[in-house]
Every structure is written in structure tokens, then in C-alpha cells.
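A.B. asks: Just the structure for this:
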Amino acid sequence: MIYDFLVIGGGVIGTAVLYELSHYDVSCALLEKENDVGTACSSRNSGIVHAGYDCKPGTFKARFNVRGSRIFPELCAELGVLYKKTGSMVIGGADSLADIQALHERGKINGVYTEILSRNQIAEREPNVSRDAEYALYAPDAGVVTPYKLVIAYADNAVINGADIFLNAEADRISRDSGVYTVTAADGRVFFAKSLINAAGYAACKINQAANAEEIRQDYALGEYFLLDKRESKNINTVLFPLPDSRGKGILVAPTAEGNVLYGPTSTPVTVPDDYAVTAEGLKNIRDSVGRIYEKANFASVIKTFAGVRTVAGLDFIIEKSKKAENYITIAGICSPGLTAAPAIAEYVGELASEITALGSRKKYVNYKEEEASGIAAVRRQDSVEKINERIRQNPRYGHIVCRCETVSEGEIIKAIHSPLTATTVDAVKRRVRAGMGRCQGGFCTPKVIEILARELNIEESEILKNRKGSKIVIDLS
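C.D. replies: Below is the predicted model:
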């Protein structure tokens, strides 16, 4: 098959673009090198929907941050993805007023509402802010989202509306002949398309080179985090930032959409973009920094450390039609606020795509919400005991709790495995229904999740991966 559009890269940008294109009567597909979408930077970030006051006016970052932030509430409601409007505060000490005012003025230029708060006003909103805080910039429109669930929702919706997603399909070679691109994957599979969209994240420079498009340079920075138990959520309601510096937004303290708390991230230059190992130095940096903005730091409640690698290509995002490669769009350097900007970037890429191939009017679209994939998950949070029991009577597997920390049932796990984009690994199940994301981090439920995966996929338990290729959990010694 020759697709109208082939997207390379299955992070939040690639899946958002595929979701946008799937609203039209064009054929489109996506190649992702891993065994699930959203496994790299898109699942390893703060999940913050930034208001947009700090981006340099006139840049893609400012434009798409502000537009994306405004899209998010309605988009997440449509996709069934949990979004919480928390607001955010940039915390400053006694000598910070000039810097706080400068951010406030920049926000005005970008069209973002902010307020400058005094010490008493800060304490009214967040009693546990550092005692050294004298001023804060408050942005009420900031929020939090579960980033990997957004990516999965984009992918599932695109698939049920006619798009194709090919996993374990790392683009290796690209050629073009008679108006058609040929993309050969590392495993030998071949894909054909009239137009290519490069959303390959840290590999965007490699894809551009393979397609004979513009040369781009990207730099990488490791960001490390502490994830805390849900019991810490009682101490914080608002995303807290220090004053930003040249390295970025700094070490923050934030509630997550699912009820945990995050400390981080660091920003350490690295040369290997897909090594997510945390470092002792980075974690110490977070420990030393959190107390500057937050009084209730509690590292005894940490349940996990993790890291992601952000990709930077100069001072702004790169989003452009190639002047060298025909019918080719580059999306690169999508660092913060890339998650927030993703829906707006997808809109813009849709406009660029329409200059290549007429998209026509939007077609009738079928919505596939997250709660439909996870079954009782939404029922459990919102409905009465009677309604939950009725669901269990209809399917007893919804009454069999596999993950005790997050109260995830066997029924939910089965639905996740057989969602439009099939979940085939332990971590793919975890990203969809949170089995293994609680206090014990899968210590109790992982064996049962493996058993269910093997049964539903009709393969041996020894073939089940935790996440990436080679990450087998069960070893067959027979």
C-alpha cells in the first residue's frame, strides 16, 4: 500500500499528528521503533500543561504552548484522558520581585493571564511553600495530565479511525522514486508513502539525513525525577517552580494527574539520548533543591526514581516543510513545553500537510475513550457500589483484583491488552491501567500480569517482555 502520509516516530508529537490526519479521508500510518508508543521522552516527563507565560514571544514555543494549553481541557475530555487544572506558581525570595514582574510582563505579551502574589497570598494557596518565599507568579490555567495515557489515546483513536501503526519498525533507509518514498525498517519491512513527516524525537537528525532533507543539530539533556507515594498528595495542590534559569524551568514540585507527587527534573547534558539511568549526582541535586521552594519534602515516601532525555535544537522548535526533500515535513527539537504544545503542533502540521495533499473536509470521527479501554477503571472512580457490582456480575474478571496498590482488575488488564493498539509488554499494560504503578511497583502483581499477557496473546510466559527488546522477565531453563 502507498500511504498519503507516513509519520516516523510514535511519541506525543507523532501520535498527535497521526490523530489529526486521521480526521480526514487520507491514508496515513506511523512507524515506531519500540514495541509501544510513547516509551521515550513522552512518558518520561513532568506531565505539566504549562500556561505559556515564560516562552519567548513570537516563537513557535510561545505560539503553540498557549494554543495547546487552551485546547487541553476539551481534548482530554474528548479522549477520556485525566486532566487536572492545578495552576502553577513560580516561587521567589525577597530579591525576586523584578524577575517575577518580568515573567508577568512576558505572559501579557503571550496572552497568558498571571498574577503576582505576596507572601500571605502564596500561603493561602499553598501553605507548604518554602518560608523564604516572598513573591510568586501564579498562572491559574496551568494543569497536569498523564503523558503516556495521552499518547496511547491519540494512537487508539487514530487506529479505530483507519490509521495504521507499525511497532518495532525502526526507519533505517529512505529513498524516493517516481513521487513515492520507500522506507525500509531495520527488520527488513518496507513501507511506501507519497509524503513523510519526521517526528522521530532524538532520531530526527538521523531521519532527515536519510531522506536528504535539511541537516539539523540536536543536543540532549538528562532529566531525573523522584516519584512519591499518593499519600504525599495531601500536601500540595499547585505546580511549584523556582525562578527559571538558562538550563530551563528548574527543579519543580508537582502533583500528578493520578495523585502522586513529582520532584525534579535535573538538566544534565548527555550524548546518549536513550540511556535513562538515573545518577547519584542528579538525585542529590534534587534533594538539595526541593527545599528551596517546598517545606514538606519527604524522601521517605519515594516509590520510584526515573529519568527522561529531552531533545533541544537551538532556541525554538523546528517545524517546517523541507526545501530539499519534496513532500517532507520536519518536526524536531520538541523539548519543553512540547507536551503542552503537541495538539497545537498537530494542527499546524495538518495545515502544512494540506499544502502537500488536499485533506478536504473532516470526516465523521469515532471516539474511543480511555475508560472504554480500561473498563471498570472509570466506573470505580465515579459510580456507586451497586453499579460496580453489576459490572462484576456481567463479567466476574472485573472483581478479580490483580494490582492491589492501584486496585486494577483482571478485566481491565484484558481490555488493555486487546485495545486498538495491542499492549504486549508488562510496561505497556502498566501505562494503560496502572498495574504496577503503586507503592510496591509491581512487586506483587507482575507475575499475574505476565500470566494474563501470555494467555491472552497465546505465547509462552518466557516470551513476555518488561519493556524494551531483550527485557525478558521469565527465563525458561528447560
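
A.B. asks: tell me the SS of residue 303?
C.D. replies: Of the three states, residue 303 takes strand under DSSP: H, G, I helix; E, B strand; the rest coil.

A.B. asks: And it, how close does it get to residue 287?
C.D. replies: Separation of residue 303 from residue 287 (Cβ to Cβ, to the nearest Å) stands at 16 Å. Quick note: C-beta positions are derived from backbone N, CA and C, even for glycine.

A.B. asks: Compare the two (neighbour count), which wins?
C.D. replies: Taking other Cβ atoms under 10 Å, residue 303 and residue 287 do not tie; residue 303 has more neighbours (17 against 14).

A.B. asks: and that one, what is it in contact with?
C.D. replies: For residue 303, the contacting residues are 227-229, 260, 438-439, 441, by Cβ atoms under 8 Å, 6 or more residues apart in numbering.

A.B. asks: hmm, try it at 6 Å
C.D. replies: Contact analysis of residue 303 by Cβ atoms under 6 Å, 6 or more residues apart in numbering lists 227, 229, 439, 441.

A.B. asks: List buried members of the residues you listed by neighbour count.
C.D. replies: Neighbour counting over the contacts of residue 303 (16 or more other Cβ atoms under 10 Å) leaves 227, 229 as the buried ones.

A.B. asks: Out of the contacts of residue 303, which comes closest to residue 335?
C.D. replies: residue 227 (21.0 Å; Cβ to Cβ).

A.B. asks: Confirm that that closest one sits in a strand.
C.D. replies: Yes. According to three-state DSSP, the state of residue 227 is that of a strand.

A.B. asks: Give the closest residue to it in space, chain neighbours not counted.
C.D. replies: Once flanking residues are discounted, residue 227 sits nearest to residue 304: 4.3 Å by Cβ to Cβ, 6 or more residues apart in numbering.

A.B. asks: ok, now residue 436?
C.D. replies: Among residues not flanking residue 436 along the chain, residue 442 sits closest, at 3.3 Å (Cβ to Cβ, 6+ apart).

A.B. asks: Help me confirm that the one you found comes into contact with residue 430.
C.D. replies: No. Applying Cβ atoms under 6 Å as the test, residue 442 and residue 430 come out as separate, 7.3 Å apart.

A.B. asks: which neighbours do the two share?
C.D. replies: Among the neighbours of residue 442, those also in contact with residue 430 (Cβ under 6 Å, 6+ apart) are residue 436.

A.B. asks: For the stretch 251-400 of the chain, which residues score under the pLDDT cut-off?
C.D. replies: Counting by pLDDT under 70, the stretch 251-400 of the chain has low-confidence residues at 370-383.

A.B. asks: what about the helices in the stretch 1-150 of the chain?
C.D. replies: 12-21, 60-79, 97-110, 119-125, 147-160 (DSSP state H, counting those that start in this stretch).

A.B. asks: Of these, which is nearest residue 202?
C.D. replies: helix 12-21 (12.0 Å).

A.B. asks: what's the average pLDDT for that closest one?
C.D. replies: For helix 12-21, mean pLDDT is 98.
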